[in-house]
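S.K.: my questions are about this predicted structure, shown below with the sequence.
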Amino acid sequence: MIATLTGQVQQVTGGYSLINVGGMGFQVFMPLTALEELAQTEGEITVYTYLHHKEDTMVLFGFLHPEDKALFEEIITVSGIGPKTALAVLSVLNAESFRWAILNEQAKELTKVPGIGLKSAQRMILELKSKIQKLPAFTGQEGFTSSHSESRAKTGPLEDAVDALVTLGYQTSIASEVVEKVWRTDPELSVSDLVRSSLKQLMK
């Protein structure tokens, strides 16, 4: 079991980061907000990881804070919710927003996540409410020991935004069309703003 990775950020794209640990590169899929933070980071970082093993595939999911990892592990216990959807949840809603939605039974808030319909949202509330109450509150900084600097090597913002939407479950052709449309309205938008604005368009 790979519980944490400590190394240098080698690359960040819209869907994953590449972390160099002792000369070995690990592809780690992470929430959008975490990827945006890593893209502005240099120095050694620690990522909390979850290794998903299914049939002949192994995928690493990573988080900057242990609370996010704990939340992810609870989300994937919900019937019909896999790691990809759980990652989408934490990309659209931050940890505290998700906790609030579950504890206050706000199913509509959960349906903002691609792939989560009303029934799935209600099931998440039913299965997670008692578990979420027992989780520690989010501290926000524990485990992340890097300083910010200039962005690391990455692909263009349009490609990153499309990659992020594909990771969230949208088809590449649809994601590309919407991202380009949003970008044309404001070419100065960051990747995260591009994704958020594109999600709003896709949800209409």
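M.R.: In hand now; what should we look at?

S.K.: name the residues of the helix ranked longest in the chain that are buried.
M.R.: Longest helix in the chain, counting residues (DSSP state H): helix 118-134. Neighbour-count burial for helix 118-134 flags Ser120, Ala121, Arg123, Met124, Ile125, Glu127, Leu128, Lys131, Ile132 (criterion: 16 or more other CB atoms under 10 Å). All C-beta spots, glycine's among them, are computed from the backbone N, C-alpha and C.

S.K.: helix or strand for the spatially closest residue to the first one that is not a sequence neighbour, which one?
M.R.: Think Ser120. Leaving aside its sequence neighbours, Ser120 sits nearest to Gly80 (CB to CB, 6 or more residues apart in numbering; 6.6 Å). For Gly80, there is no enclosing helix or strand under DSSP states H and E.

S.K.: returning to what we had before: between the buried residues of helix 118-134, which is nearest Leu71?
M.R.: Ile132 (7.8 Å; CB to CB).

S.K.: for the closest one, which non-adjacent residue is closest in space?
M.R.: Per CB to CB, 6+ apart, closest to Ile132 is Ile102, 4.9 Å.

S.K.: that neighbour - that's part of a helix, no?
M.R.: Yes - counting by DSSP: H, G, I helix; E, B strand; the rest coil, Ile102 is found in a helix.

S.K.: average model confidence for the strand or helix carrying Ala175?
M.R.: For Ala175, the element it lies in under DSSP H and E is helix 172-185. What helix 172-185 shows for mean pLDDT is 84.

S.K.: residue contacts, Ile81?
M.R.: Ile75, Ser120, Met124 (CB atoms under 8 Å, 6 or more residues apart in numbering).

S.K.: tell me the pLDDT of it.
M.R.: At Ile81, pLDDT is 92.

S.K.: domain-wise, how is this structure divided?
M.R.: Domain assignment of the chain by automatic domain parsing yields the ranges 4-64, 66-134, 157-203.

S.K.: which of the ones you listed comes out lowest on mean pLDDT?
M.R.: Across the domains of the chain, the lowest-scoring stretch is domain 157-203, with a mean of 81.

S.K.: can you pull out the strands in the protein?
M.R.: Here the chain has its strands, by DSSP state E, at 4-12, 16-21, 24-29, 41-42, 44-54, 57-63, 147-148.

S.K.: of these, give the one that comes closest to Pro114.
M.R.: Per CB to CB, nearest to Pro114 of the strands of the chain: strand 24-29, 15.3 Å.
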